[in-house]
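# Next one to model:
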Amino acid sequence: MARAEPVTQEAVFAAADALAANNVKPTLEAIRTEIGGSYNTLSPLLKQWRQQQTAQATAVLEMPDVVLASVKGLASDVWRVASDEAARRTRTVEEAAEQRALDAESEVAELADVVRHLEADLANAIASHDKAQADLAAAQEAHRTHVQEAARCQAELAASRDALTQSNARNDQLQQELITLAREIASGKRD
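Take a look at the predicted model:
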């Protein structure tokens, strides 16, 4: 918003600081919108503000030699402690990894034994199954033979019954003839 007051260095610096604090880049247009004024008036003042910001940043970046030496010594100490801790942790991790590898090898060996036993059990089961299949086939063949033998015996039995029936009929016939003859003989003696 344009102000009727004259544009001062303090007003431009305050507006630029406020924009920067709100994460807005201080541009001529942004400053002009905030406090008014002409580009010709604002431009050199904004340039001064930018130079001041750069100087402050540079001053912060330049460190005295005493401080720099102390920081280097401290950094060296921190690096040594960090390296020692990293080496300790690396040893701990390596020892744990070696133990896990030994445990895994032991478990693999145990599982290999289990697999060998299972393979042997499977081979035995297959052999037992094959023998049972052969026994079943033999039993089925024996059953077929018995069924055929039973059928032959039933046929012989039926034939024997027929022969017996015929023999009984012939026997009855002969008995009748014998009775008739005996009667004839008995009647012939009476005559």
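# Need the phi and psi values for residue 24.
phi -110, psi 130 (degrees, to the nearest 10).
# looking at it, it is touching residue 34, isn't it?
No - with contact defined as Cβ atoms under 8 Å, residue 24 does not reach residue 34; the gap is 9.9 Å. Every C-beta, even on glycine, is put in place using the N, C-alpha and C of the backbone.
# Between the two, point out the one with more neighbours.
More neighbours surround residue 34 than the other of residue 24 and residue 34, with 20 against 12 (other Cβ atoms under 10 Å).
# Could you report the pLDDT at the more buried one?
pLDDT for residue 34: 91.
# Against residue 52, how distant is it?
Remark: distance between residue 34 and residue 52 (Cβ to Cβ, to the nearest Å) = 18 Å.
# how about the helices in this protein?
With helices called from DSSP state H, the chain shows them at 9-21, 28-35, 39-61, 65-190.
# Could you chop this protein up by domain?
For the chain, automatic domain parsing gives the domain ranges 9-62, 121-184.
# Run the chain-centre distance for the helix or strand bottoming out on mean pLDDT in the chain.
Here the helix or strand of the chain ranked lowest by mean pLDDT, DSSP states H and E is helix 39-61, holding a mean of 85. Distance of helix 39-61 from the chain centroid (Cα atoms, centre = their mean, to the nearest Å) equals 63 Å.
# And that helix, what's buried?
Residues 42, 45-46, 49 are the ones in helix 39-61 that count as buried (16 or more other Cβ atoms under 10 Å).
# again, but for stretch 157-176
Across stretch 157-176, burial judged by 16+ other Cβ under 10 Å covers no residue at all.
# So for that stretch, mean pLDDT?
Averaged across stretch 157-176, the pLDDT comes to 90.
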